[in-house]
Structures are given as structure tokens and as C-alpha cells.
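>>> Using only what follows, build the 3D model:
(one chain, ligands or ions: 1)
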Amino acid sequence: MTDSDPVRLYRTVRLIRRFEERAIELVRAGEIVGGIHPYLGQEGIAAGVCAALRGDDLVTGTHRGHGHVLAKGADPARMLAELCGRVTGLNRGRGGSMHAADFGVGVLGANAIVGAAGAILTGAVWARRRRGDDLVGVTFFGDGAVNEGMLLEAFNLAALWRVPVLFVCENNGYATTMPVAGAVAGTIAGRAEAFDIQAAAVDGQDPEQVRAATAAAVDRMRAGGGPELLEARTYRFDAHHTFEHVVRLDYRPPEEVAAGRSRDPVDIQGARLPLPVRESVDAEVEATLATAVEYALASPAPDPAGALEHLYASGLTARTGGG
Ligand SMILES: Cc1ncc(C[n+]2csc(CCOP(=O)(O)OP(=O)(O)O)c2C)c(N)n1
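Presented below is the predicted three-dimensional model:
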């Protein structure tokens with residue numbers, strides 16, 4: 001069952017926004033080690049896409065992946081505990097920000113390797129379809145991934161084998177500090193079209209437009225259509241990574257940042273709700289996140305003695321060295 005309820009869509013966008021802001025506070029407080037890649041400004045994409053999916057549909061995400069995991073339905077408290085490296089985290093604190101997964105809601109994982117998650121998702125959806133399941137999959141990736149061979153290999157096999165995968169490119173204009181114009185020859189849609197994959201573009205700042213475009217693609221894929229590509233044009237409101245809060249990098253003109261921030265998915269979706277409804281959702285989200293922060297910080301860190309556990313499904317016998 002998909003969800004076109006504007007209130008629920010707003011709640012998801014707002015939840016991701018405030019989750020990211022609370023997570024940045026926890027980076028500054030030293031509770032999240034190593035920092036995060038904030039999803040601020042791009043929330044409308046994860047929220048809109050996942051509102052058009054079923055619970056059993058599969059998703060893979062990116063290094064900027066918190067929004068994908070939350071929008072698909074993961075528990076924010078366990079997600080925050082994961083970021084804080086605690087045993088109660090979605091992955092016992094071992095995945096962290098860039099490798100959080102929740103198979104229970106169809107999230108096969110965020111992924112730190114640019115371009116890799118598309119191949120994982122294509123293989124997973126192909127395998128499940130061969131077993132007779134009628135699910136579809138979505139893989140999110142940035143504009144920086146469109147020159148990665150791994151992603152293009154996934155396009156090829158998904159097209160050849162008609163695997164129902166929606167390739168969602170979150171085009172925020174930059175790969176770290178590299179502008180798209182200086183890195184991408186041709187077009188993003190053109191890459192898909194080279195493999196006979198239907199491609200469309202959507203305003204990634206409007207959650208409702210993203211939901212509608214995804215729902216249409218998913219309908220076609222469930223009816224037997226092959227993979228599709230959706231380019232969601234967006235803007236990253238904050239740093240590439242929280243390290244940029246410390247080391248200021250000068251690669252985006254201030255006027256461009258201001259213009260990008262002026263189209264805020266939280267406000268665009270929020271404006272569709274009566275003010276009292278919006279305020280009550282905001283209060284509900286605050287309460288959810290206050291509980292999540294409390295839960296994460298109260299949870300213990302993993303025991304270092306168990307560091308080698310969960311590395312292999314078959315278990316691991318540690319070598320002691322010396323041949
Ligand atoms: C294969 C690979 N190459 C390089 C990196 C280093 N790296 C991490 S994020 C990033 C930029 C990715 O840009 P994009 O795909 O546009 O996503 P965005 O960060 O804009 O969300 C790079 C180059 C990596 N993680 N994996």
C-alpha cells in the first residue's frame with residue numbers, strides 16, 4: 001500500500017530534517033564519532049520516493065543515507081543509536097552512519113562506496129523476483145556516481161534482465177566540491193537511455209512531485225516494465241560532511257547557497273497543511289527525537305572483546321599470526 005497522505009509525507013520530511021539536526025549536535029558533542037554526511041535539503045526525495053513503496057520493496061542508499069533508512073520506516077531511536085555506535089543500534093552499532101541497514105523494513109543498507117549500492121540492489125531484486133516475489137526496488141545515488149562503472153554495469157544487467165529497479169539520482173549539483181558541469185559529460189538521463197532505460201526528471205524539492213513520479217514508475221514496473229531512472233534535482237543545504245563545519249571550503253557561491261536554501265522541502269510540503277496540523281506534527285516529531293536521543297545516549301557501547309563477531313555469516317576463527 002502506498003501513501004499519498006500529505007500529512008504523513010510532511011511528517012517524514014520533518015522527521016528527517018530534525019533527525020539530521022539532532023545528529024549534527026551529537027557529532028559536535030563527540031557522541032557520533034567520525035562525523036556524518038548531512039541529508040539536509042534533500043529530504044523530499046527520500047520521503048517522496050518511499051511514500052510510493054510497499055513495506056516489502058527493497059531500498060539501498062548512499063553515504064548520505066539517513067533519510068533513506070528513516071523514510072523506509074526504520075525506528076529513529078535505533079537509527080540514532082546506530083550512529084552513536086551503541087549496541088541497541090539497528091546493526092549493533094557496527095554499521096554506523098554510512099552502513100546502516102534494516103532488513104525488516106526492506107533497507108539493504110546505506111553504502112559508503114559511491115555507485116556500489118545500485119549493483120547490490122539490482123542483484124537482490126533479481127534474486128527475489130526469481131523466487132516469485134512481486135516486489136520492486138529503489139537505489140539512491142548522487143550525481144557523482146553516474147561516472148562509476150559499477151552503476152553502469154547495474155544499468156546494463158537491470159535492463160537486459162528487466163529487473164524492476166528505479167534508479168534515483170539525487171542530483172545536488174556537486175560531488176564533494178566538484179560541480180556536475182565539470183565532471184559529467186553528456187547527461188544523466190542519457191546514461192540510462194543508452195541502455196534503453198526510460199528516464200525522467202523531477203523537482204526533488206517538492207516531496208509530492210517526487211512521490212507522484214515514483215508512484216507512476218513503480219506502477220509500470222509492477223505491471224512488468226523494466227528498470228527506470230528518475231533524476232531528482234535538489235540542493236544540499238549544508239556541508240558535504242560535517243568536517244566542513246571545521247574546515248571551511250569555498251566552492252559554492254553564497255548567492256547560489258541562498259537560492260538553493262530558499263526552496264525548502266519542509267516548507268514546500270508544510271505549506272500544504274493547515275498551520276495547527278503542521279504545528280502538531282512538529283511537536284510530535286520533537287517528542288520522537290527527544291526520546292530517540294535519550295535512548296541512544298543511555299545505550300551501552302559494544303564490548304571490544306566482541307569486535308570479531310558478526311563479520312562472517314559462518315563465523316570467524318581469528319588467526320593468531322606466526323604462520
Ligand atoms: C568509489 C568511491 N570513490 C570515491 C569515494 C569518496 N567519496 C565519498 S562521497 C564522494 C562524493 C559523492 O558525490 P555524489 O555521488 O554526488 O553524492 P553527494 O555526496 O553529493 O550526495 C566521494 C567522491 C567513495 N566513497 N567511493
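
>>> alpha carbons only for contacts and neighbour counts from here, please
Noted.

>>> now the closest residue to residue 64 other than its chain neighbours: how far from residue 59?
Excluding its sequence neighbours, the residue lying closest to residue 64 (Cα to Cα, 6 or more residues apart in numbering) is residue 37, at 5.1 Å. Distance check for residue 37 against residue 59: by Cα to Cα, to the nearest Å, it reads 19 Å.

>>> Looking at those two, which is more packed in?
Legend: neighbour count by other Cα atoms under 10 Å for residue 37 and residue 59, higher for residue 59 (33 against 21).

>>> Find the helix or strand that the more buried one is a member of.
Element membership for residue 59, per DSSP states H and E: strand 58-60.

>>> for that strand, packing partners?
Packing partners of strand 58-60 (3 or more Cα pairs under 8 Å, 6 or more residues apart in numbering; DSSP states H and E): strand 107-109, helix 117-130, strand 137-142.

>>> Which of these sits closest to the ligand?
strand 137-142 (3.4 Å; Cα to the nearest ligand atom).

>>> how big is the angle separating whichever helix or strand comes after that closest one from strand 137-142?
Following strand 137-142 in sequence order, the next helix or strand is helix 149-160 (DSSP H and E). Interaxial angle, helix 149-160 versus strand 137-142 (axes from the mean of the first three to the mean of the last three Cα atoms, to 10 degrees): 150 degrees.

>>> Tell me where the protein has strands.
Secondary structure of the chain (DSSP state E): strands at 58-60, 107-109, 137-142, 165-171, 174-175, 178-179, 198-203, 228-233.

>>> Tabulate the ones you listed in TSV, adding columns for distance to the ligand and mean pLDDT.
Shown next, in TSV, are the strands of the chain (distance: least, Cα to the nearest ligand atom, whole Å; pLDDT from 0 to 100):
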stretch	distance to the ligand	mean pLDDT
strand 58-60	14	98
strand 107-109	15	98
strand 137-142	3	98
strand 165-171	7	98
strand 174-175	3	98
strand 178-179	8	97
strand 198-203	16	98
strand 228-233	11	98
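
>>> Tell me which of those is the most buried.
Among the strands of the chain, strand 58-60 has the highest mean neighbour count (mean count of other Cα atoms under 10 Å), at a mean of 28.

>>> Okay, now the sheet partners of that one, with direction.
Strand partners for strand 58-60, identified by DSSP bridges, are recorded as strand 107-109 (parallel), strand 137-142 (parallel).

>>> Columns distance to residue 77 on top of the ones you listed, output as CSV?
Below are the strands paired with strand 58-60 laid out as CSV (distance: least, Cα to Cα, whole Å):
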stretch, distance to residue 77
strand 107-109, 16
strand 137-142, 23
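
>>> Residue 149 - nearest residue in space that isn't next to it in sequence?
That would be residue 115: by Cα to Cα, 6+ apart, it lies 7.8 Å from residue 149.

>>> and that neighbour, what pLDDT?
Per-residue pLDDT puts residue 115 at 96.

>>> The residue nearest to residue 64 contacts residue 243, doesn't it?
No: the criterion here is Cα atoms under 8 Å, and residue 37 misses it with residue 243 at 9.0 Å.

>>> still on that earlier bit, would you mind telling me which of the strands of the chain is nearest residue 149?
Of all those, strand 137-142 sits nearest to residue 149, with 13.3 Å by Cα to Cα.

>>> what's near enough to touch residue 93?
81, 82, 83, 84, 85, 86, 87, 301, 302 (Cα atoms under 8 Å, 6 or more residues apart in numbering).

>>> no wait, residue 49
Contacts of residue 49 (Cα under 8 Å, 6+ apart): 210, 211, 214, 215.

>>> Residue 78: what's it in contact with?
By Cα under 8 Å, 6+ apart, residue 78 lies in contact with 88, 89, 90, 292, 296.
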